[in-house]
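**Q** Sharing a model that was predicted from the sequence below.
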Amino acid sequence: MNGLRRKLPSSGSLFVFEAAARHQNFTRAADELNVTQPAVSRSLAALEAHLGARLFLRGKLGAQLTEDGVMLKNAIVSAFSQIEDALREVEARRTGKSQVTLSVSTAFTTHWLMPRISRFQAAFPEVDLRFQLISGAVAGPLGDVDLAMRYCAPGDEQGRFVMQEAYVPVAAPGYEEALGEGELPALIQLEGNEWNRLPGAEGWTSGDPEPQLSFSDYSVVVQAALVGQGVAAGWLNVVAHWICENRLCPAENSGLVRPGRVCRLIQRHDGPQVDIVERVAEWLVHELREDVARMHRQYPKLGIGALLDPVQSEGNRT
């Protein structure tokens with residue numbers, strides 16, 4: 001270990017390098033580490049100078065790993081994974097609980113998982129659930145977590161099929177009746193999306209909705225719809241619980257919109273707790289698919305049940 005310490009400017013440089021190598025972007029690595037981008041650049045420059053080797057090719061498209069960088073990244077990922085497994089085992093022995101880390105969107109966590117967290121705890125009293133929350137696009141590899149819910153391209157067979165991606169205009173019960181004569185529904189949207197990303201929203205009245213509320217986090221979009229502020233695009237894997245509880249209602253005459261991707265649950269298949277990760281994955285998929293089936297029974301005209309079929313054609317509005 002003394003030799004390893006001499007080969008590094010600091011132990012922290014390994015964490016900075018791993019984040020930068022994984023993202024291949026110094027700014028995103030800085031955001032993850034809660035430091036500035038110049039601090040990441042200085043740390044990596046010091047590491048390269050100390051090693052006498054170039055680890056990144058810096059350019060307009062990001063930071064690409066060199067051959068030496070790839071070799072170092074692979075070694076660090078393997079070592080960090082083993083250390084993390086050991087730390088989990090130590091904590092499990094101390095607490096009597098296994099840690100399972102789940103990478104999901106903030107919206108899914110807030111609006112689907114949290115309302116049933118007591119059910120999860122009853123089913124898995126021995127599990128300490130941890131979260132890696134995603135506020136932006138729900139994509140990317142599994143990374144250093146046990147389970148990751150991702151939107152994948154059709155034909156991507158990684159992980160477990162959960163459902164086809166789909167959304168439908170949703171609003172709180174009675175929202176339409178509360179509109180005054182000639183009043184158009186207000187559209188609650190995610191920043192960067194145009195109102196016409198929501199085909200069928202005009203079905204709530206005879207006119208097109210008027211964009212009035214815009215948020216950077218989809219969990220807030222759903223919350224605004226719940227409290228009766230307007231119509232929002234309801235991604236069904238997120239709003240399933242509220243629809244089943246009649247806290248949100250879909251516009252039945254609008255039809256589903258299926259952007260073409262597939263919701264899949266990717267899981268880790270190594271480490272000391274493979275069995276418990278497998279059981280948690282089965283529970284999550286079963287619970288979500290049960291909600292989809294319930295929505296189908298409540299709103300059969302929408303054809304929600306077809307979303308559970310992985311071979312159905314995707315990408316078309318039905």
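**A** Alright, I've got the coordinates.
**Q** Now do the helices in the protein.
**A** For the chain, the helices defined by DSSP state H cover 2-6, 12-23, 26-33, 37-51, 67-95, 106-108, 117-123, 175-178, 218-226, 236-244, 274-298.
**Q** Among those, which comes closest to L187?
**A** Smallest distance to L187 across those (C-beta to C-beta): 10.1 Å, for helix 218-226. (Glycine included, C-beta is placed from N, CA and C.)
**Q** Now do the closest one: everything it contacts.
**A** Contact with helix 218-226 is made by 105-107, 109-111, 170-172, 188-190, 213, 215, 230-235, 238-239, 242, 247-248, as judged by C-beta atoms under 8 Å, 6 or more residues apart in numbering.
**Q** show me where pLDDT drops low in the stretch 101-250 of the chain?
**A** 135-137, 139-142, 182, 193-211 (pLDDT under 70).
**Q** And this protein, what are its domain boundaries?
**A** Dividing the chain into domains by automatic domain parsing, as the record does, gives the ranges 2-82, 97-318.
**Q** Identify, out of those domains, the most deeply packed stretch.
**A** Of the domains of the chain, the one with the most neighbours on average (mean count of other C-beta atoms under 10 Å) is domain 97-318, at a mean of 17.
**Q** is it possible to export the helices of the chain to TSV including distance to G155?
**A** Compiled in TSV, the helices of the chain are given as follows (distance: least, C-beta to C-beta, whole Å):
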stretch	distance to G155
helix 2-6	43
helix 12-23	25
helix 26-33	28
helix 37-51	36
helix 67-95	27
helix 106-108	23
helix 117-123	31
helix 175-178	38
helix 218-226	26
helix 236-244	19
helix 274-298	19
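**Q** mind checking pLDDT for A21?
**A** At A21, the pLDDT value in this model is 89.
**Q** For it, give me its contacts.
**A** Taking C-beta under 8 Å, 6+ apart as the contact definition, A21 lies against 55, 65, 69, 72-73, 76.
**Q** For it, give its distance to D270.
**A** When distance is defined by C-beta to C-beta, to the nearest Å, A21 is 20 Å away from D270.
**Q** and what of T110?
**A** According to C-beta to C-beta, T110 and D270 sit 30 Å apart.
**Q** Check L213 too.
**A** Distance, L213 to D270, by C-beta to C-beta: 44 Å.
**Q** Restricted to strands, list the contacts of helix 218-226.
**A** When the contacts of helix 218-226 are checked against strands using DSSP state E, the ones located there are 105, 170-171, 188-190, 213, 215, 231-235.
**Q** Switch those over to JSON lines; also include distance to E177.
**A** Shown next, in JSON lines, are the ones in strands among the contacts of helix 218-226 (distance: C-beta to C-beta, whole Å):
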{"residue": "S105", "distance to E177": "31"}
{"residue": "V170", "distance to E177": "15"}
{"residue": "A171", "distance to E177": "11"}
{"residue": "I188", "distance to E177": "18"}
{"residue": "Q189", "distance to E177": "23"}
{"residue": "L190", "distance to E177": "26"}
{"residue": "L213", "distance to E177": "20"}
{"residue": "F215", "distance to E177": "25"}
{"residue": "V231", "distance to E177": "14"}
{"residue": "A232", "distance to E177": "18"}
{"residue": "A233", "distance to E177": "21"}
{"residue": "G234", "distance to E177": "19"}
{"residue": "W235", "distance to E177": "25"}
